[in-house]
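Engineer: the following block contains a protein sequence and its predicted model.
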Amino acid sequence: MQLRGDQKLYRILDELGISFDYHEHPAVPTVEEASRYWKDMEAAHCKNLFFRNHKGNRHYLVIFEYSMSLNVKDLEQRLRQGKLSFASPKRMMKYLGVEPGSVSPFGLINDRDNHIHVFIDRNLQKSDKISFHPNINTASLIISYADFERFLHYTGNTFEYVRLYD
């Protein structure tokens with residue numbers, strides 16, 4: 001079976017010895033639509049938002065549990081990175097190699113200069129398993145949380161855990 005998504009990603013996961021459960025589904029550009037296909041998948045499902053700072057010279061990937069909502073003004077206060085706005089599709093492609101609706105930390109494999117800083121809601125650390133798109137929104141991968149952290153170390157991007165909501 002041909003796995004949908006970034007084939008480079010699958011090679012890297014294999015090299016790192018990271019096993020995953022693979023689930024195909026119709027294209028789902030929002031987590032609200034994706035959640036219909038997650039009901040039988042045992043994992044923390046995430047919303048992944050890609051931001052830029054006011055000057056456009058810093059980029060951030062913010063990861064949190066999909067059912068939570070964040071106010072950008074509140075996020076700016078919590079992250080202390082100044083004024084934030086959503087990054088454009090052009091920036092998504094340049095830094096993550098993905099199109100809107102497919103943002104995933106797996107896209108960090110395309111950030112060769114480690115330009116993106118990752119903020120992860122610390123509540124996700126309690127998860128045994130976590131799921132993300134394999135850089136395309138027609139599939140989801142479930143990996144262990146420990147393997148997710150190993151993957152982040154592999155990419156070389158800086159990351160930190162923050163409390164994104166109370």
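Structural biologist: Arrived safely, thanks for sending.
Engineer: in this protein, where's the longest helix?
Structural biologist: Secondary structure of the chain per DSSP state H: the longest helix is helix 145-155.
Engineer: next SSE after that helix?
Structural biologist: Downstream of helix 145-155, the first helix or strand assigned by DSSP states H and E is strand 159-162.
Engineer: circling back: ok now the longest helix of the chain, how far from the chain's centre?
Structural biologist: 12 Å (CA atoms, centre = their mean, to the nearest Å).
Engineer: state the distance from residue 96 to residue 122.
Structural biologist: Note on residue 96: its distance to residue 122, by CB to CB, to the nearest Å, is 23 Å. In this view, the C-beta of every residue, glycine as well, is placed from N, C-alpha and C.
Engineer: can you pull out the helices in the chain?
Structural biologist: Counting by DSSP H, the helices of the chain are 7-15, 31-34, 72-79, 89-96, 145-155.
Engineer: so for residue 117, which of those helices sits nearest?
Structural biologist: Residue 117 lies closest to helix 72-79 among the helices of the chain, at 9.3 Å (CB to CB).
Engineer: what lies in contact with the longest strand along the chain?
Structural biologist: The longest strand of the chain (DSSP state E) is strand 44-53. The contact list for strand 44-53 (CB atoms under 8 Å, 6 or more residues apart in numbering) reads 31, 34-35, 38, 58-66, 68, 70, 81-88, 91-92, 95-96, 103-105, 116, 124, 127, 129-132, 140, 145.
Engineer: please check those residues and keep the buried ones.
Structural biologist: 31, 34, 38, 59-66, 81, 84, 87, 92, 95-96, 103-105, 116, 124, 127, 129-132, 140, 145 (16 or more other CB atoms under 10 Å).
Engineer: by mean pLDDT, which helix or strand of this structure comes out lowest?
Structural biologist: helix 31-34 (a mean of 78; mean pLDDT, DSSP states H and E).
Engineer: from the chain's centroid, how far away is that helix?
Structural biologist: On CA atoms, centre = their mean, the centre of helix 31-34 falls 14 Å from the chain's centre.
Engineer: who are the packing partners of that helix?
Structural biologist: Applying 3 or more CB pairs under 8 Å, 6 or more residues apart in numbering; DSSP states H and E, one finds that helix 31-34 contacts strand 44-53.
Engineer: if we go to 6 Å?
Structural biologist: Applying 3 or more CB pairs under 6 Å, 6 or more residues apart in numbering; DSSP states H and E, we find helix 31-34 packed against no helix or strand.
Engineer: what comes into contact with that helix?
Structural biologist: 28, 47, 66 (CB atoms under 6 Å, 6 or more residues apart in numbering).
Engineer: which strand residues bridge the second one?
Structural biologist: Yep, that's residue 47 we're talking about. Residue 47 has these beta-bridge partners by DSSP bridges: residue 64.
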